[in-house]
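**Q** Prediction below, plus the sequence it came from.
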Amino acid sequence: MLRDYEVTYILNAALDEEGTAAVIEKVNQLVVTGGGSVTEVHAWGRRHLAYPIEHNRDGFYVTTRFSMPTEAMVAFDNDLRLNESILRHGVFRQDEVPIKPALPLSQTPSHAVVDMQPAHVEEEADQDDIEAVLEEGIDPDLIPAAEE
């Protein structure tokens, strides 16, 4: 069964442009060899890493979206792990239902906006209950005696 996936990987920043392009092409070839097809490749470029990975402070980030049979994913993941030019990678399955982008509040449909007005009736009833308790006073037996 073909599923949609997304892989994001970080390449060693020491690679030149030809080396980076070769690794990206190799990853795309792994997808095709596994019986899948690449739908989108997005190279983010060189970024500073949050923490050093194998003594590297920078990395070249790439995201690839593709379709592949689920049976081929284990071999694909192992091939990425064994590639020394790839510092880290993460493969994520894409859900069948695409995520809708969040709309700004001004464009949100009126039925989705929650009425934020307070319910005056409930508020008045709560206030009456509080006032009744305060008027009754406090039972002195419930208050611990203060030590002098």
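**A** Cool, got the structure.

**Q** What pairs with the strand ranked longest in the chain, parallel or antiparallel?
**A** Counting by DSSP state E, the longest strand found in the chain is strand 37-53. According to DSSP bridges, strand 37-53 forms sheet pairs with strand 56-69 (antiparallel).

**Q** in the longest strand of the chain, what counts as buried?
**A** Buried residues in strand 37-53, defined by neighbour count with 16 or more other Cβ atoms under 10 Å: Val38. C-betas here are computed from N, CA, C, even on glycine.

**Q** Likewise for stretch 54-73?
**A** Quick answer for stretch 54-73 (16+ other Cβ under 10 Å): 59-62, 64-66, 68, 72-73.

**Q** now stretch 83-94
**A** Neighbour-count burial for stretch 83-94 [16+ other Cβ under 10 Å]: 83, 85-87, 89, 91.

**Q** quick one: contacts of it?
**A** Here stretch 83-94 makes contact (Cβ atoms under 8 Å, 6 or more residues apart in numbering) with 3-12, 15, 19, 23, 26, 53-54, 56, 59, 65, 73, 76-77, 80-81.

**Q** from the residues you listed, which would you call buried?
**A** In the contacts of stretch 83-94, the ones that pass as buried (16+ other Cβ under 10 Å) are 4-7, 9-12, 23, 59, 65, 73, 76, 80.
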